[in-house]
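S.K.: requesting a structural model of the entry that follows:
(one chain, ligands or ions: 1)
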Amino acid sequence: MNEIEQLKQWISASDNIVFFGGAGVSTESGIPDFRSVDGLYNQTYAYPPETIISHSFYQQNPKEFYRFYKDRMLFPEAKPNAAHRVLAKWEENGKLRAVITQNIDGLHQAAGSKEVLELHGSVHRNYCTHCKKFYSLQEILSMEGVPRCSCGGIIKPDVVLYEEGLDDHILQKSVSYIRHADILIIGGTSLVVYPAAGLVNYYQGDKLVVINKSVTPMDGQADLVISGKIGEIFSQIE
Ligand code: NAD
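M.R.: Model prediction:
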């Protein structure tokens with residue numbers, strides 16, 4: 001049996017699938033990842049991207065932070081691809097319990113997924129750092145330079161920057177879903193951003209699936225490794 005057939009069989013027999021994904025899930029929607037050859041980290045900027053999207057840089061140089069963030073990290077026109085759509089369908093059909101994502105693009109929700117645990121936040125939520133007023137992505141995009149609240153405060157995206165901690169409640173919920181999962185599918189992530197990447201170690205089952213374009217640190221432990229583009233692969237297992 002080939003890998004796709006094996007995965008199809010496991011999926012048809014399960015009602016407790018959990019998906020753990022990263023930036024590679026959205027590259028087929030036109031959003032670049034960080035670590036592929038054409039990803040953000042291989043492009044040249046005045047500062048390395050890890051520096052620009054860190055908490056200290058945001059505080060010291062919000063103008064440059066926002067120039068980069070708006071230019072390279074916001075893709076308001078992006079649409080869900082087959083991977084997002086199939087995951088949403090599995091949830092609707094009672095097969096998938098949760099999508100745990102490192103992505104900040106909101107495409108799983110746009111595809112119809114309900115239980116989405118956003119480990120690194122979302123570009124769709126933005127708050128005034130002074131009065132906490134909420135702003136949508138469209139509002140941020142319509143403001144020139146550093147977005148400011150009507151009260152004068154700087155607006156910060158609800159995105160976890162480097163040097164910032166993850167939400168404890170989301171982490172605990174993710175651990176619980178992974179610990180109790182029948183099938184854990186890891187897709188489109190280099191698994192190098194911690195603590196998010198460490199969550200997959202809580203899986204206790206015997207159907208650990210990795211779907212990725214390049215090798216990952218979990219390939220050796222996986223029960224099934226499918227190499228390729230996740231959208232193309234998911235469209236074959238719908
Ligand atoms: P990463 O860039 O480190 O790794 C992406 C991985 O996905 C790579 O291993 C790459 O080979 C693989 N990949 C790329 N396209 C693929 C495809 N079509 N099918 C299968 N695999 C594919 O991304 P990461 O591990 O998620 O970590 C980077 C951090 O950057 C995350 O924390 C995330 O918050 C953030 N990020 C988010 C977005 C987004 O929201 N769409 C985009 C870029 C980065």
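S.K.: surely Q102 meets L119?
M.R.: Yes - using Cβ atoms under 8 Å, Q102 is in contact with L119, at 5.3 Å. All C-beta atoms are positioned from the backbone trio N, CA, C, and that covers glycine.
S.K.: now list whatever residues contact both of the two.
M.R.: Here Q102 and L119 have A196 as joint contacts, going by Cβ atoms under 8 Å, 6 or more residues apart in numbering.
S.K.: the residue nearest the centre of the chain and the ligand: what is the separation?
M.R.: Nearest to the mean C-alpha position of the chain, counting by Cα atoms, centre = their mean, stands N103 at 1.9 Å. Distance, N103 to the ligand, using Cβ to the nearest ligand atom, to the nearest Å: 3 Å.
S.K.: pLDDT wise, what is the closest residue to that residue other than its chain neighbours at?
M.R.: Excluding the flanking residues, the one nearest N103 by Cβ to Cβ, 6 or more residues apart in numbering is S26, at 5.8 Å. pLDDT recorded at S26 is 98.
S.K.: I'd guess the residue nearest to the centre of the chain is in a helix, am I close?
M.R.: No - counting by DSSP: H, G, I helix; E, B strand; the rest coil, N103 is not part of a helix but coil.
S.K.: quick check: it touching G24?
M.R.: No - N103 is beyond contact range of G24, at 9.4 Å (criterion: Cβ under 8 Å).
S.K.: buried residues in the helix or strand bottoming out on mean pLDDT in the chain, which are they?
M.R.: Taking mean pLDDT, DSSP states H and E as the measure, the chain has helix 49-52 as its least confident helix or strand, at a mean of 88. Buried residues in helix 49-52, counting neighbours by 16 or more other Cβ atoms under 10 Å, are found at P49, I52.
S.K.: same question for stretch 226-238.
M.R.: Residues of stretch 226-238 classed as buried: I226, K229, I230, G231, I233, F234, I237 (neighbour count, 16+ other Cβ under 10 Å).
S.K.: now those residues in a markdown table, with pLDDT?
M.R.: Output for the buried residues of stretch 226-238, formatted as a markdown table (pLDDT from 0 to 100):
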| residue | pLDDT |
| --- | --- |
| I226 | 97 |
| K229 | 98 |
| I230 | 98 |
| G231 | 98 |
| I233 | 97 |
| F234 | 97 |
| I237 | 90 |
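S.K.: what residues go with each domain of the chain?
M.R.: Per the record, the chain has its domains at 3-31+76-120+165-234, 39-72, 122-159, by automatic domain parsing.
S.K.: okay, helices next: where are they in the protein?
M.R.: With helices called from DSSP state H, the chain shows them at 3-12, 49-52, 55-60, 62-72, 82-92, 107-111, 137-142, 168-180, 230-237.
S.K.: which residues are contacting the longest one?
M.R.: Helix 168-180 has contacts (Cβ under 8 Å, 6+ apart) with 16, 18, 20, 97-98, 100, 117-119, 184, 195, 199-200, 202-204.
S.K.: can you narrow these down to the ones near the ligand?
M.R.: The subset of those within reach of the ligand, by Cβ under 6 Å from any ligand atom, is empty.
S.K.: among those residues, which one lies nearest to E144?
M.R.: Proximity of the contacts of helix 168-180 to E144 was ranked by Cβ to Cβ; the top entry is E118 with 27.6 Å.
S.K.: which strand residues bridge the closest one?
M.R.: Using DSSP bridges, the bridge partners assigned to E118 are T101.
S.K.: close to the ligand, is stretch 60-75?
M.R.: No - for stretch 60-75, no contact with the ligand is found by Cβ under 6 Å from any ligand atom; the gap never falls below 7.1 Å.
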